[in-house]
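K.L.:
need coordinates for the following:
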Amino acid sequence: MLPIQPSIFKAYDIRGIVGKTLDAGIARQIGQAFGIAARAKGEKAVIIGRDGRLSGPELAAALAAGLRDAGADVVDLGVVVTPMVYFATHVLGAQSGIMVTGSHNPPDYNGFKMVLAGEAIYGDTIQQLYQAIDSGSVEATVSVPSGSYRRHDIKHAYLQRIVSDTRLARPMKIVVDCGNG
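P.N.:
This is a model prediction of the structure:
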């Protein structure tokens with residue numbers, strides 16, 4: 001396991017280079033710290049999703065284990081786009097969520113975008129997660145019964161929500177260029 005580096009705790013997310021500043025051990029600690037913070041706000045469950053990066057499955061599994069260590073129930077959406085995690089926090093009865101994503105960064109990066117009790121977290125709140133891990137208070141606090149784990153397919157509900165308020169004035173032919181996605 002890599003030592004925790006304060007440099008991965010950015011202003012709006014947690015992001016590092018897989019194998020150098022971020023690994024499964026760190027992901028598990030982040031899950032524990034976030035799970036404790038979520039439970040302190042009255043949250044029982046945390047939604048997680050991930051992008052298609054090769055490091056995603058291992059980091060998401062470790063994140064889920066950490067969340068469960070902290071007593072949070074985990075609802076795993078699998079491979080999704082970030083807005084699907086945010087959507088799920090509004091419709092699945094859990095207002096906290098974490099997206100495992102490297103976003104626009106090169107393939108060797110990965111990280112976590114988070115919403116805690118209905119609010120995207122940034123700045124001091126992200127630094128508080130680091131402080132909880134660095135001080136050892138996370139390990140001292142993780143002694144509650146493990147949370148549960150389940151998978152959920154949100155894709156149909158997400159697409160239905162998008163098309164529910166879309167009305168075309170005339171028939172159209174649409175081309176999608178996935179480019180860098």
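
K.L.:
so what does the longest helix along the chain touch, helix or strand wise?
P.N.:
Ranked by residue count, the top helix of the chain under DSSP state H comes out as helix 24-40. The elements that helix 24-40 packs onto, with contact taken as 3 or more Cβ pairs under 8 Å, 6 or more residues apart in numbering; DSSP states H and E, are strand 45-50, helix 56-69, strand 96-100, strand 109-116, helix 124-134, helix 137-141. (C-beta placed from N, C-alpha, C; glycine too.)

K.L.:
6 Å instead, please
P.N.:
helix 56-69, helix 124-134, helix 137-141 (3 or more Cβ pairs under 6 Å, 6 or more residues apart in numbering; DSSP states H and E).

K.L.:
next helix or strand past the shortest one?
P.N.:
The one in question is helix 137-141. strand 149-151 (DSSP states H and E).

K.L.:
buried ones in the longest helix of the chain, by neighbour count?
P.N.:
Applying a neighbour-count criterion of 16 or more other Cβ atoms under 10 Å, one finds 24, 26-39 buried in helix 24-40.

K.L.:
quick check: end-to-end length of stretch 3-15?
P.N.:
When the termini of stretch 3-15 are compared using Cα to Cα, to the nearest Å, they are 14 Å apart.

K.L.:
swap in stretch 159-173?
P.N.:
Between the start and the finish of stretch 159-173 there is a gap of 19 Å, counting by Cα to Cα.

K.L.:
if we can go back for a sec, the longest helix of the chain vs strand 45-50, what angle?
P.N.:
Counting by axes from the mean of the first three to the mean of the last three Cα atoms, to 10 degrees, helix 24-40 lies at 150 degrees to strand 45-50.

K.L.:
mind checking the SS state of residue 78?
P.N.:
Secondary structure, DSSP: H, G, I helix; E, B strand; the rest coil: residue 78 is strand.

K.L.:
span of stretch 152-168 from start to end?
P.N.:
31 Å.

K.L.:
what does it contact?
P.N.:
Where contact means Cβ atoms under 6 Å, 6 or more residues apart in numbering, the residues beyond stretch 152-168 that reach it are 75, 77, 84, 87-88.

K.L.:
worst-scoring helix or strand of the chain, pLDDT-wise?
P.N.:
Sorting the helices and strands of the chain by mean pLDDT, DSSP states H and E puts helix 137-141 at the bottom, at a mean of 73.

K.L.:
between the helices and strands packed on helix 24-40, which gets the lowest average pLDDT?
P.N.:
Mean pLDDT per stretch puts helix 137-141 lowest among the helices and strands packed on helix 24-40, at a mean of 73.

K.L.:
just confirm residue 170 is within a helix.
P.N.:
No. Checked against three-state DSSP, residue 170 lies outside a helix; its state is coil.
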